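Participant: Give me the fold of what follows.
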Amino acid sequence: MKRKVGTLVLVMALLCSFIFTGCGSDGGSGDKAGGSSDLKVAIVCSNSGQNDNGYNQSACDGIKELSEQIGCEYKIIEPANGVPEALETLAGDGYNLIFSLEYDFDALIKGVGGSEAIAAQYPDTTFVVFNDDPNKDESGKQIYSNVISVLFDVHEASYLAGYLSVQVNENMEKLFDKSYNLTPLDKSRGIGFIGGTNSNGILVYSYGFIEGINKAAEEYKAKYNYYAKYDAGFTDSALGSTVAGTFYDEGANVVFADAGVVGDGITAKAKEVGKLAIQTDANLDAQQPGFVLTSVLKITGVPVKTITQAYADGKINEMDRLQTYNLASGATGITDLEEMGKHVQDQTVWTEIKEKVQAISDQIGNGTIDVTNKQLNEDFDPSTCPNVIVKTE
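Facilitator: Numbering: from 1, shown residues only. Now for the predicted structure:
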């Protein structure tokens with residue numbers, strides 16, 4: 001097995017961004033629970049950081065909880081020098097299982113700057129990537145057996161969020177009192193989306209969201225403007241507030257945030273102007289109570305636990321190299337809407353809306369409704385959504 005040894009400078013730089021914890025059944029020494037005494041797991045966070053209240057934090061919490069049960073050693077990294085160097089250093093340090101939460105796959109799969117692909121350099125290390133399936137050649141054949149791709153059916157959850165948004169917007173007069181400042185239907189019908197990066201892992205939310213909006217808009221024989229920005233990054237909450245404010249000014253009553261900490265600015269702006277936002281990854285409905293309509297869930301801790309347990313049990317090679325988590329898995333979906341329900345006036349209409357959303361969820365589950373999945377490179381055809389007018393910033 002070919003291994004690279006990181007330079008002292010790299011190691012020292014990465015040490016500044018390491019958070020390390022070793023756990024075992026006896027407090028960190030001796031035999032480890034679950035037969036995993038030699039299991040070393042690492043999580044490489046995306047640039048929104050481990051305390052992002054969602055995507056990264058869920059994965060980090062998942063490995064912390066599981067380590068207490070099976071006694072594995074783990075390390076959590078917010079990479080200071082880029083994902084490729086972090087992956088190489090961890091693999092070189094003997095980490096058996098490395099989860100990478102960043103949208104950065106080229107160095108791992110293809111190699112960059114003339115270097116061999118990291119997956120090829122460290123064939124005894126299992127790498128797990130999220131939100132895309134990059135481990136395939138042009139013919140669709142698997143490239144590396146030591147790379148697992150994890151996909152969440154967030155396209156389906158986003159469809160539910162889009163459908164819900166229109167149902168709420170069309171019934172705003174019954175649901176909301178004068179403390180809200182929603183744009184009346186006779187002036188505008190608009191919904192917005194702000195994503196961190198123009199990639200499959202973000203577009204998969206947006207396309208499902210559009211299709212859900214279209215489904216409900218058809219019921220009301222209405223047309224909706226869809227305001228979208230796909231390059232907001234993941235760390236600038238002030239930018240989120242500014243862009244959301246622009247969309248709200250254009251007449252949008254709901255803005256979906258899929259951009260890490262940027263979403264905090266979006267929800268804050270929703271409260272400020274008396275409109276609604278949708279959060280993502282974790283249940284953040286209470287972040288701005290009454291102004292976060294729902295959260296599209298992507299619970300990364302579920303696959304982290306599942307895959308780590310499989311490795312500990314010696315079954316990692318029995319797992320498919322593409323792992324998909326659907327609505328039934330508990331790893332994705334939308335929230336139970338309990339928080340928003342505390343702030344609506346007409347509970348009868350609210351119950352009817354929730355029943356409609358559940359019916360749509362059932363139709364997705366049984367295959368009656370098929371939602372575009374950009375994570376699998378499925379193409380989105382705007383002509384299939386004639387009731388949505390897309391306006392991309």
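Participant: tell me the secondary structure for residue 98?
Facilitator: When classified by DSSP: H, G, I helix; E, B strand; the rest coil, residue 98 comes out as strand.
Participant: tell me which helix or strand of this structure sits lowest on mean pLDDT?
Facilitator: helix 8-15 (a mean of 34; mean pLDDT, DSSP states H and E).
Participant: which residues are in contact with stretch 165-176?
Facilitator: Residues outside stretch 165-176 that contact it (C-beta atoms under 8 Å, 6 or more residues apart in numbering): 180, 182, 185, 189, 191, 212-213, 216-217, 219-220, 222, 224, 253-254, 256, 276, 278, 293, 343-346, 349-350, 353, 356-357. C-betas here are computed from N, CA, C, even on glycine.
Participant: in that stretch, what counts as buried?
Facilitator: Buried residues in stretch 165-176, counted by 16 or more other C-beta atoms under 10 Å: 165, 166, 167, 168, 169, 170, 171, 172, 175, 176.
Participant: So what would you say the end-to-end distance of it is?
Facilitator: End-to-end distance for stretch 165-176: 14 Å, by C-alpha to C-alpha, to the nearest Å.
Participant: can you tell me the average pLDDT over it?
Facilitator: When pLDDT is averaged along stretch 165-176, the result is 98.
Participant: any weak-confidence spans in the stretch 151-300 of the chain?
Facilitator: Applying pLDDT under 70 to the stretch 151-300 of the chain flags no residue at all.
Participant: Now do the helices in it.
Facilitator: 154-170, 172-175, 200-219, 237-249, 262-273 (DSSP state H, counting those that start in this stretch).
Participant: most tightly surrounded among the ones you listed?
Facilitator: Among these, ranked by average contacts under mean count of other C-beta atoms under 10 Å, first place goes to helix 154-170 (a mean of 27).
Participant: so that helix versus helix 200-219, what angle?
Facilitator: Counting by axes from the mean of the first three to the mean of the last three C-alpha atoms, to 10 degrees, helix 154-170 lies at 40 degrees to helix 200-219.
Participant: Return the distance of helix 154-170 from the chain's centre.
Facilitator: Centroid displacement of helix 154-170 relative to its chain, using C-alpha atoms, centre = their mean, to the nearest Å, is 16 Å.
Participant: Next up, the contacts around residue 285.
Facilitator: Residues in contact with residue 285 (C-beta under 8 Å, 6+ apart) are 279, 292, 294, 295, 335, 337, 338, 339, 340.
Participant: Who is the third one paired with across the strands?
Facilitator: Yep, that's residue 294 we're talking about. residue 278 (DSSP bridges).
Participant: Residue 99 reaches residue 41, doesn't it?
Facilitator: Yes. The criterion here is C-beta atoms under 8 Å, and residue 99 meets it with residue 41 at 7.4 Å.
Participant: which residues in this structure form strands?
Facilitator: 18-22, 40-44, 73-77, 97-100, 126-130, 147-152, 190-195, 224-229, 252-258, 276-281, 292-298, 322-325, 332-334, 388-392 (DSSP state E).
Participant: could those be laid out in CSV, adding mean neighbour count?
Facilitator: Below are those laid out as CSV (neighbours: other C-beta atoms under 10 Å):
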stretch, mean neighbour count
strand 18-22, 14
strand 40-44, 24
strand 73-77, 22
strand 97-100, 26
strand 126-130, 26
strand 147-152, 25
strand 190-195, 28
strand 224-229, 22
strand 252-258, 30
strand 276-281, 29
strand 292-298, 27
strand 322-325, 18
strand 332-334, 24
strand 388-392, 16
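Participant: Pull up the overlap in contacts between residue 99 and residue 41.
Facilitator: Contacts common to residue 99 and residue 41, judged by C-beta under 8 Å, 6+ apart, are residue 63.
Participant: Which pair of the contacts of residue 285 spans the longest distance?
Facilitator: 279 and 338 (14.5 Å; C-beta to C-beta).
Participant: who touches residue 337 in this structure?
Facilitator: Here residue 337 is in contact with 164, 285, 294, 354 (C-beta under 8 Å, 6+ apart).
Participant: ditto for residue 149
Facilitator: By C-beta under 8 Å, 6+ apart, residue 149 lies in contact with 128, 129, 130, 132, 133, 134, 135, 321, 322, 323.
Participant: swap in residue 153?
Facilitator: Counting by C-beta under 8 Å, 6+ apart, residue 153 has contacts 324, 325, 326, 327, 332, 373.
Participant: what's the distance between the third one and residue 380?
Facilitator: Right, the one you point to is residue 326. Separation of residue 326 from residue 380 (C-beta to C-beta, to the nearest Å) stands at 20 Å.
Participant: now do the second one
Facilitator: Distance from residue 325 to residue 380, counting by C-beta to C-beta: 21 Å.
Participant: got it, and the last one?
Facilitator: From residue 373 across to residue 380, the span is 10 Å (C-beta to C-beta).
Participant: quick one: residue 320 from residue 307, how far?
Facilitator: Relative to residue 307, and taking C-beta to C-beta, residue 320 is found at 11 Å.
Participant: Look at these two and report which has more neighbours.
Facilitator: More neighbours surround residue 307 than the other of residue 320 and residue 307, with 22 against 9 (other C-beta atoms under 10 Å).
Participant: hang on, that one packs against residue 97?
Facilitator: Yes. Counting by C-beta under 8 Å, residue 307 does reach residue 97; the two are 7.3 Å apart.
Participant: Name the residues contacting each of the two.
Facilitator: In contact with both residue 307 and residue 97: 128, 316, using C-beta under 8 Å, 6+ apart.
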